[in-house]
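Asker: with the input below, show me the fold.
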Amino acid sequence: MDNTDVRNWDNDHFMHPWEGMDDLGQNERAFIEGSDGIYVTNDAGDKLIDGPAGMWCVQVGYGRHEIADAMAHQARQLAYFSPFNNTNTVATEFAREIAKRTPGDLNHVFFTTGGSTAVDSALRFVHFRNNLLGKPTKKKIISRQKAYHGSTYLSAAVSGKERDRLWLDKADHLSHFLPDVNPLVRAPGQSIAAFLDEKIADLEGAILELGPENVAAFIAEPVLASGGVIVPPAGYHKRCLEVCHKHDVLYISDEVVTAFGRLGHWFASKDVFDIQPDIITCAKGLTSGYAPMGAAIFSDRLIADVSGENGRGATFSNGFTYSGHPVSAAAGMASMQIIERDGVLEHVRAMTPHFQTRLRALGELPLVKDARGMGLMGCIECSYDATRNASLDNDYELGARIDAACQTRGLVLRPIINMCVMSPPLVISRDQIDQMFDILESAICEVAAAPR
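Answerer: From the prediction side, this is the model:
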């Protein structure tokens, strides 16, 4: 198939997320044109394992006719309603089904258009609540280096991936960043227990330095996904939550990636990390990627602080044209039904030990600096330089070479500089896991043996 025209149109007209300006108009992106199960097909007809499940989101796999049919039926019946003045049955039912699966009293579902707007809405609600409570200075949000929470103005302000913060303005007066929580960067000879104590001290020290009267919330991903699948030390989240509540600081669990099955549960906060957040944000797996949607989920306690007699005539004037979109809600309901009917959460828990065993075995390969992960998500971090002092240019080159070698063998990765990230559709089988890691191992060995 000759798609020269389409390639030119892509370069001339389709400005992609995270577009590199030096290469604008000169990209040779792969065209993904078809899909089935855990596989995608490019414009040359090659079938490839979708290692990142799109963008951490295609939980139940591609080609699910039940979801497509539910969306089509809803679009024919009612394609849109205004959430400002009306309501709708499928959106309401979806909110109820989500609330039935959230931990504790997280029962109020505020629908958004995606993960960034879910985080943005959560932060705006935190500020709104403090204003109503007569705490107008309590606005600072604490986050971590390497954290990613979105690309809207507020969500980007609390995202700590350094290279994403170089050229765009941020609301820096609202954010405070703590040091990296990746155990890989701990001091030589430092134990995991001592590193954990240091990270908890980072948080409490920041709250006290900024003043508890000025700190509104701490936002954390259970696993720092886009930062490179960084898994904090065991007990980290529970101890952070204890510090937050000691100082009247809200805890926001950003489950945009980890919710809806990625770690084998509807939500990871309680079932995996044993914490009861004040707010959870989610998106991605909410609809298995079949339609855009996100949600910020608030506890009954927080809502009680700003409603009824405590409402003071205020309006939470935040929302979106597509909040609770009926077609997206129909997709989410159908995806949820598939997850339950097919035992997808149980399948993830059954596949996780093998996935993580294969992942960690790659840690013995040349070029591999670290192999880490949790559930059905993992990262292989590579470097040409064992002393960890490789240049950024070399890191980008290495990641690109491994990515290209994987694609020629039938695997799509999510390359993040020098990191190979995997989060496949949750329906992946044991044999397909082996195929995925066999390809990655072969690709790394090829690059390691090739002259630079």
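Asker: and Arg262, helix, strand or coil?
Answerer: Here Arg262 is recorded as coil under DSSP: H, G, I helix; E, B strand; the rest coil.
Asker: residue contacts, it?
Answerer: Counting by C-beta atoms under 8 Å, 6 or more residues apart in numbering, Arg262 makes contact with 56, 59, 268, 285, 348, 375-377, 423, 426. C-beta coordinates here come from the backbone N, C-alpha and C atoms, glycine included.
Asker: among these, which one lies nearest to Asn182?
Answerer: For the contacts of Arg262, the residue nearest Asn182 by C-beta to C-beta is Met377; the value is 14.7 Å.
Asker: quick check, distance from stretch 261-277 to the centre of its chain.
Answerer: Between the centre of stretch 261-277 and the centre of its chain there are 14 Å (C-alpha atoms, centre = their mean, to the nearest Å).
Asker: I'd like the numbering to begin with 527 instead of 1 from here.
Answerer: Sure, I'll start counting at 527 from here, so that last one is stretch 787-803.
Asker: endpoint to endpoint, that stretch covers what distance?
Answerer: One end of stretch 787-803 sits 18 Å from the other (C-alpha to C-alpha, to the nearest Å).
Asker: could you do stretch 889-898 as well?
Answerer: With C-alpha to C-alpha, one end of stretch 889-898 sits 9 Å from the other.
Asker: what's the answer for stretch 772-785, then?
Answerer: 26 Å.
Asker: return the set of buried residues in that stretch.
Answerer: Across stretch 772-785, burial judged by 16 or more other C-beta atoms under 10 Å covers 775-785.
Asker: quick check, nearest of the residues you listed to Lys664?
Answerer: Within these, proximity to Lys664 (C-beta to C-beta) peaks at Val775, which comes in at 8.7 Å.
Asker: which residue packs closest to the closest one, ignoring adjacent ones?
Answerer: Among residues not flanking Val775 along the chain, Val741 sits closest, at 5.1 Å (C-beta to C-beta, 6 or more residues apart in numbering).
Asker: how about Asp536, nearest residue that isn't a chain neighbour?
Answerer: Nearest non-adjacent residue to Asp536 (C-beta to C-beta, 6+ apart): Arg555, at 6.6 Å.
Asker: please report phi then psi for that neighbour.
Answerer: Backbone torsions of Arg555, given as degrees, to the nearest 10, read phi -70, psi 150.
Asker: tally of neighbours for it?
Answerer: Neighbour count of Arg555, defined by other C-beta atoms under 10 Å: 10.
Asker: ok, Cys905 next?
Answerer: Applying other C-beta under 10 Å, we find 25 other residues in the vicinity of Cys905.
Asker: now do the strand or helix carrying it: everything it contacts.
Answerer: Taking DSSP states H and E as the criterion, Cys905 maps to strand 903-908. Here strand 903-908 makes contact (C-beta under 8 Å, 6+ apart) with 582, 710, 749, 751, 754-756, 783, 788-789, 881-882, 885, 888-889, 893-899, 924-925, 928, 942, 944-949, 966, 970.
Asker: cool, stretch 872-887 as well?
Answerer: Contact with stretch 872-887 is made by 787-790, 897-902, 904, 906, 948, 952-956, 959-960, 963, as judged by C-beta under 8 Å, 6+ apart.
Asker: quick one, which of these are buried?
Answerer: Among those, the ones that count as buried by 16+ other C-beta under 10 Å are 787-790, 897-902, 904, 906, 948, 952-954, 959, 963.
Asker: domains of this protein?
Answerer: Annotated domains of the chain cover 557-586+869-975, 593-867 [automatic domain parsing].
Asker: dump those domains into a markdown table; add mean pLDDT and distance to Trp535 as well.
Answerer: Shown next, in a markdown table, are the domains of the chain (pLDDT from 0 to 100; distance: least, C-beta to C-beta, whole Å):
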| stretch | mean pLDDT | distance to Trp535 |
| --- | --- | --- |
| domain 557-586+869-975 | 94 | 11 |
| domain 593-867 | 97 | 23 |
